[in-house]
Structure formats: C-alpha cells, structure tokens
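1. the sequence and its predicted three-dimensional model are supplied below.
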Amino acid sequence: MVRMVWCELCLNYYVLCLKERMRDKVI
C-alpha cells in the first residue's frame, strides 16, 4: 500500500517535471 502511494507521488512529480521542461522549450 505504501509503495503504491509512493509510486503515484513519483509519477506526479515526473509529470510536473516534464511539463516544466516543455514550458522551458516552448519559451
């Protein structure tokens, strides 16, 4: 159960990082 939550947090963080990178590339 804890691993599931941790995995979800990691995925959310990864998505946020990707969005930031995309924004940097666009600008």
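-> Ah, there it is.
2. quick check: mean pLDDT of the helix or strand hosting Leu9?
-> Assigned by DSSP states H and E, Leu9 belongs to helix 2-26. Helix 2-26 carries an average pLDDT of 87.
3. most centrally placed residue in the protein?
-> The residue lying closest to the centre of the chain (C-alpha atoms, centre = their mean) is Tyr14, at 2.1 Å.
4. and that one, how close does it get to Arg23?
-> 15 Å (C-beta to C-beta, to the nearest Å). Where you see a C-beta, it was placed from the backbone N, CA and C, and this is true even at glycine.
5. quick one: the helix holding Leu9 to chain centroid distance?
-> With C-alpha atoms, centre = their mean, to the nearest Å as the basis, helix 2-26 stands 0 Å off its chain's centre.
6. what sits up against it?
-> Contacts to helix 2-26, defined as C-beta atoms under 8 Å, 6 or more residues apart in numbering, come from no residue at all.
7. burial of Cys17, as a residue count?
-> By other C-beta atoms under 10 Å, the residues close to Cys17 number 10.
8. and if you look at the one 4 residues further on?
-> Under the neighbour criterion other C-beta under 10 Å, Arg21 is assigned a count of 10.
9. ok, Lys25 next?
-> Lys25 has 7 nearby residues by other C-beta under 10 Å.
10. same check, this time on Val26
-> 6.
11. what about it, distance to Glu8?
-> Look at Val26 and Glu8: by C-beta to C-beta, they are 27 Å apart.
12. ok, now Val2?
-> 11 Å.
13. these two: which has the busier surroundings?
-> Taking neighbours as other C-beta under 10 Å, Val2 and Glu8 compare with Glu8 leading, 10 against 6.
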